[in-house]
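Peer 1: Have a look; sequence and predicted model below, questions after that.
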Amino acid sequence: MTSSVLLSARNLSVRFGGVLAVNNVSFDVERGEVFTLIGPNGAGKTTVFNLISRIYNATAGTLDFDGQRLTHVAPHDVAGLGIARTFQNIELFEHATVLQNLLIGRHIRRRAGIWSELLFTRTVREGERETRRKVEEVIDLLSLQHYRDTLVAGLPYGVRKVVELARALATQPKLLLLDEPSSGLNAEETGDMAFWIKDIQRDLHVTILMVEHDMGLVSRVSDRVLAMNQGEVLALGAPAVVQSDPAVIEAYLGSVDDVESLRRGPAA
Ligand SMILES: Nc1ncnc2c1ncn2[C@@H]1O[C@H](COP(=O)(O)OP(=O)(O)OP(=O)(O)O)[C@@H](O)[C@H]1O
């Protein structure tokens, strides 16, 4: 029987010299949910993300993904397992079109060997067709038809964020890691991003693990929220419960802006 848990972190710790960036952190991400990491600057959120992407090694603890020990997987094999990510600072091929960016992203999912590729066998042709079909599906889902043949370099920032999301989705991930999806977006674009995230969850059944500072977006899209501070877990639960947790409010007190954002309701 398939477990309802897709990603399981147990007693994770990461030390950088004298800094314990992540300290004995445990959590489970359920299949199909939007699970969000929040916390003030330096809380350890990005470090947890980088552990899952295998950019960092844990000093202690384990990560299991879909029944497999992730802490033993090489970084270049993570995408093949079904984990895709977006970045805080968009990383796309600037001088390629939207469609080309999605096709490149999708390429990692192709399994044909080098001889099949060279001989353009039936398996390769079928793979090509499937790739095109999947990429067009994502373009439709995220309403990118208008931009499909436009060079990324000529696109407004808000559209590039959606293209990056599309590229990650084109790989058909089981887990989508979103690193601050609202960063650099205005209020209206952040509202649109909330819609895309909910659409992806509902239509594609992709599990989403997100790091996000905008509490409006967090409360609007998250099923559960994990609040961290100084590497440790402060609270875990429904967004409204975590945002009103006294320990979470206390942790945000260092930054007036952040406390204000905690009080803010869902984005319009
Ligand atoms: N590669 C590194 N080398 C040394 N220290 C690091 C490294 N990466 C992170 N840290 C430290 O680990 C702690 C946690 O940082 P991390 O970036 O995970 O926090 P964060 O919650 O993502 O913060 P932010 O919201 O500002 O991005 C910080 O004290 C940071 O300075």
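Peer 2: That came in fine, so what should we check first? Residues are numbered from 1 along each chain as shown.
Peer 1: and stretch 159-168, which residues are buried?
Peer 2: Buried residues in stretch 159-168, defined by neighbour count with 16 or more other CB atoms under 10 Å: V159, R160, K161, V162, V163, E164, L165, A166, R167, A168. Backbone N, C-alpha and C define where each C-beta goes, glycine included.
Peer 1: So which of the residues you listed belong to helices?
Peer 2: Secondary structure defined by DSSP state H assigns V159, R160, K161, V162, V163, E164, L165, A166, R167, A168 of these to helices.
Peer 1: Quick one: residues contacting the first one.
Peer 2: I take that to be V159. Contact analysis of V159 by CB atoms under 8 Å, 6 or more residues apart in numbering lists L144, Y147.
Peer 1: Centre-most residue in this protein?
Peer 2: For the chain, L177 is the residue whose C-alpha lies nearest the centre (CA atoms, centre = their mean; 1.5 Å).
Peer 1: tally of neighbours for the nearest residue to that residue once chain neighbours are set aside?
Peer 2: Counting by CB to CB, 6 or more residues apart in numbering, R85 is the residue found nearest to L177 once chain neighbours are left out, at 3.8 Å. R85 is flanked by 21 other residues according to other CB atoms under 10 Å.
Peer 1: What values do phi and psi take at R85?
Peer 2: Note on R85: backbone dihedrals following degrees, to the nearest 10 are phi -140, psi 160.
Peer 1: repeat for R15
Peer 2: Backbone dihedrals for R15, given as degrees, to the nearest 10, come out at phi -110, psi 130.
Peer 1: While we're on it, how confident is the model there?
Peer 2: If you check R15, the pLDDT there is 96.
Peer 1: What distance do you get for it to N23?
Peer 2: 9 Å (CB to CB, to the nearest Å).
Peer 1: of the two, who's got more company?
Peer 2: Summary of the neighbour comparison: R15 and N23, criterion other CB under 10 Å, with N23 having more neighbours (19 against 14).
Peer 1: Output stretch 152-166 as CSV, nothing but the C-alphas.
Peer 2: As requested, C-alpha coordinates have been extracted for stretch 152-166 and formatted as CSV (Å, rounded to 0.1, in the frame of the first residue of the first chain):
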residue,chain,number,x,y,z
VAL,A,152,12.2,34.6,-22.1
ALA,A,153,14.5,37.7,-22.1
GLY,A,154,11.7,39.8,-23.5
LEU,A,155,9.1,38.8,-20.9
PRO,A,156,7.9,40.8,-17.8
TYR,A,157,9.1,39.5,-14.5
GLY,A,158,5.7,38.3,-13.4
VAL,A,159,5.3,36.1,-16.5
ARG,A,160,8.9,34.7,-16.1
LYS,A,161,7.9,33.5,-12.6
VAL,A,162,5.0,31.6,-14.2
VAL,A,163,7.3,30.2,-16.9
GLU,A,164,9.6,28.9,-14.2
LEU,A,165,6.7,27.2,-12.5
ALA,A,166,5.7,25.7,-15.9
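Peer 1: near the ligand too, which of the ones in helices among the buried residues of stretch 159-168?
Peer 2: Applying CB under 6 Å from any ligand atom, the subset of these adjacent to the ligand is empty.
Peer 1: and which of these is nearest A9?
Peer 2: Proximity to A9 was ranked across these by CB to CB; first place goes to A168, at 20.8 Å.
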